[in-house]
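>>> heads up, no residue letters with this:
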Ligand SMILES: Nc1ncnc2c1ncn2[C@@H]1O[C@H](COP(=O)(O)OP(=O)(O)O)[C@@H](O)[C@H]1O
Ligand SMILES: O=C(CO)[C@@H](O)[C@@H](O)COP(=O)(O)O
């Protein structure tokens with residue numbers, strides 16, 4: 001039998017990437033990235049020039065198809081293999097990235113009637129303009145004693161499905177009415193590949209308050225939110241919800257022709273980027289926290305039992321690996337904070353020096369920041385440039401930098417921002433560990449571990465734990481390909497379970513980051529200071545961040 005392959009497509013915030021993987025051992029034979037032609041839409045609506053409101057973040061659904069059209073043929077060409085030897089396809093996506101579609105499954109934003117309405121577009125995971133709705137969901141759920149609230153750390157995020165759907169209903173009831181269904185973008189792309197709308201249990205569980213045994217919250221809850229939402233889950237969120245690795249269908253002839261693969265190729269149900277990464281680093285048992293480190297961080301962990309953990313994004317049975325409770329937590333901005341700093345605040349002299357040295361500005365700052373010992377900058381920051389996802393679950397919190405003097409250097413600020421994000425992760429590790437969901441070792445994947453060694457050492461020191469790093473540069477895409485192989489099944493050259501696929505295909509690098517005891521001791525002190533600031537500004541004692549935001553909104557109107 002000839003060698004068999006699977007393709008995984010990872011849909012990130014700014015681009016999509018396809019990876020062609022050898023099913024025998026997980027070797028990544030070829031990969032190709034397609035930046036989204038319309039980028040993240042957060043200022044003006046395409047084709048209209050209409051200004052978007054504050055905290056909006058949209059995407060163009062045609063960009064997702066563009067990724068398939070450009071990147072899949074490219075990995076086939078680069079590898080030189082026969083398309084017939086690709087037995088399975090899987091995708092992973094940012095989430096909750098959602099869109100309204102009509103009866104034909106067409107995004108409303110692509111119809112002439114609705115294209116000028118911002119609410120018809122795909123709302124990206126980091127669309128934060130549904131915070132009012134999220135606050136109401138949380139208030140009403142707490143008042144009613146909804147038992148599912150504990151599964152989401154006590155709070156539902158404005159990033160998730162119900163808050164986004166309700167925002168559409170509140171601000172554009174005509175779009176709500178016109179929507180036949182609201183879909184996660186991951187499920188929509190799969191529907192374009194197979195002709196079938198199939199909802200996956202991962203996004204339903206983590207992002208849409210669905211439970212394997214209990215289903216969605218009951219109608220009374222939705223009615224209490226807004227009588228118009230009473231039948232939401234039977235109507236616009238209708239449909240079977242199936243486990244990860246399930247075959248959603250087969251590639252249609254039309255899509256196969258468009259992307260250069262064989263019609264009939266098995267396609268797995270949609271998945272989430274961070275969740276797909278877990279088996280791809282070989283994690284199929286508890287105690288190992290996987291961090292998908294990029295623009296944001298998602299923290300993924302398996303447990304034997306269902307526990308309540310403050311501020312976690314969710315716990316879903318079989319949500320990551322069958323047979324375990326999958327826990328998720330996260331930080332809404334990490335790489336994005338470093339990007340903000342280098343783009344908006346680094347002085348020109350630093351950029352010129354980096355350019356003269358032929359270095360990327362991040363690398364230049366990292367090199368200089370590495371010369372400092374922990375604590376030597378005298379600075380401390382709160383990493384809330386894009387709100388706080390865990391453990392406070394509050395998108396209205398903002399960033400803070402403390403301790404600047406006239407001598408503060410850009411590399412010191414850069415180091416402080418790296419440290420602040422590590423303290424944010426430490427909060428999450430502590431929340432799990434102290435609530436009975438063990439965290440013994442960390443696994444890192446995503447763009448950041450490849451880019452910044454100082455960052456990784458700081459994370460090891462701040463959490464006082466070993467960090468293993470994924471061997472793959474495209475871990476979620478590798479995971480998506482593994483789920484594609486499971487959708488194909490062993491009889492077709494794939495695998496019958498994700499655990500088997502992980503045994504054969506997953507890898508981490510030999511070298512890991514180990515905590516350095518003297519750094520651990522200093523960071524322990526700094527973390528205590530961080531925790532004091534965290535609670536002071538984040539738990540209501542001083543709401544200055546929210547007051548500033550409110551004043552800003554008032555004067556901007
Ligand atoms: N050397 C670096 N050190 C730290 N952060 C970096 C470096 N280079 C780029 N970044 C940040 O990495 C992020 C992109 O991460 P990546 O994993 O590639 O993307 P995504 O999250 O979209 O999958 C950007 O926010 C960027 O600012
Ligand atoms: O929220 C999730 C997963 O639950 C992510 O999709 C979201 O943070 C975006 O991740 P990236 O920063 O694009 O890696």
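In hand now; what should we look at? In this text, all values refer to a predicted model and were calculated from it rather than measured experimentally. Ligands and ions are numbered 1, 2, ... in the order given.
>>> CA atoms for contacts and neighbours, from now on please.
OK.
>>> can you give me the strands in the stretch 401-550 of the chain?
For the stretch 401-550 of the chain, the strands defined by DSSP state E, counting those that start in this stretch occupy 439-445, 467-470, 508-513.
>>> do the second one and ligand 1 come into contact?
It stands for strand 467-470. No: remark: strand 467-470 sits outside contact range of ligand 1, by Cα under 6 Å from any ligand atom, the gap being at least 12.5 Å.
>>> that strand packs against which elements?
strand 439-445, strand 508-513 (3 or more Cα pairs under 8 Å, 6 or more residues apart in numbering; DSSP states H and E).
>>> now with 10 Å, please.
Packing partners of strand 467-470 (3 or more Cα pairs under 10 Å, 6 or more residues apart in numbering; DSSP states H and E): helix 273-280, strand 287-293, strand 439-445, helix 448-451, helix 453-463, strand 508-513.
>>> show me how far stretch 454-471 is from its chain's centre.
20 Å (Cα atoms, centre = their mean, to the nearest Å).
>>> quick one: average confidence on that stretch?
Here stretch 454-471 scores 98 as its mean pLDDT.
>>> end to end, how far does that stretch reach?
18 Å (Cα to Cα, to the nearest Å).
>>> how far away is the residue in the chain that ligand 2 sits nearest to from residue 59?
The minimum distance from the chain to ligand 2, using Cα to the nearest ligand atom, falls at residue 94 (3.0 Å). Per Cα to Cα, residue 94 is found 11 Å from residue 59.
>>> report the set of residues contacting both of those two.
Jointly contacting residue 94 and residue 59 under the rule Cα atoms under 10 Å, 6 or more residues apart in numbering are 13, 124-125, 185.
>>> so which of those residues sit within helices?
The helices, defined by DSSP state H, take in residue 185 from the shared contacts of residue 94 and residue 59.
>>> hang on, the earlier thing: return the most buried member of the strands of the stretch 401-550 of the chain.
Using mean count of other Cα atoms under 10 Å, the stretch among the strands of the stretch 401-550 of the chain with the largest mean neighbour count is strand 467-470, at a mean of 26.
>>> list the strands paired with that strand, with their directions.
Here strand 467-470 has these sheet partners by DSSP bridges: strand 439-445 (parallel), strand 508-513 (antiparallel).
>>> hmm, residue 383 and residue 395 touching each other?
No: if you go by Cα atoms under 10 Å, residue 395 and residue 383 don't touch, sitting 12.0 Å apart.
>>> neighbour count winner among the two?
residue 383 (29 against 23; other Cα atoms under 10 Å).
>>> where's that one relative to ligand 1, distance?
Plainly put, residue 383 is 14 Å away from ligand 1 if you go by Cα to the nearest ligand atom, to the nearest Å.
>>> then residue 163?
Residue 163 is 23 Å from ligand 1, by Cα to the nearest ligand atom.
>>> kindly report the same for residue 471.
14 Å.
>>> all the strands of the stretch 201-350 of the chain, residue numbers only.
Using DSSP E, counting those that start in this stretch, strands in the stretch 201-350 of the chain cover 241-242, 247-250, 266-268, 271-272, 287-293, 297-303, 314-317, 325-331.
>>> let me see the contact set for the closest residue to residue 83 other than its chain neighbours.
Once flanking residues are discounted, residue 83 sits nearest to residue 261: 5.1 Å by Cα to Cα, 6 or more residues apart in numbering. Listed by Cα under 10 Å, 6+ apart, the contact set of residue 261 reads 72-73, 76, 82-87, 251-253, 255.
>>> what's the domain layout of this structure?
5-127+179-208+236-275+475-505, 283-471+516-557 (automatic domain parsing).
>>> so how far is the shortest one from its chain's centroid?
So that's domain 5-127+179-208+236-275+475-505. Taking mean C-alpha positions (Cα atoms, centre = their mean), domain 5-127+179-208+236-275+475-505 and its chain are 14 Å apart.
>>> swap in the last one?
Distance of domain 283-471+516-557 from the chain centroid (Cα atoms, centre = their mean) equals 15 Å.
>>> kindly report the residues of the chain close to ligand 1.
Checking the chain against ligand 1 by Cα under 6 Å from any ligand atom, the hits are 12-14, 293-296, 335-336, 338-339, 362-363, 446-448, 451-452.
>>> pull out the buried members of those residues.
Among these, those buried by neighbour count (16 or more other Cα atoms under 10 Å) are 12-13, 293-296, 335, 338, 362, 446-448.
>>> which pair in those residues spans the largest distance?
Maximum pairwise distance in those, criterion Cα to Cα, is 20.7 Å, between 12 and 362.
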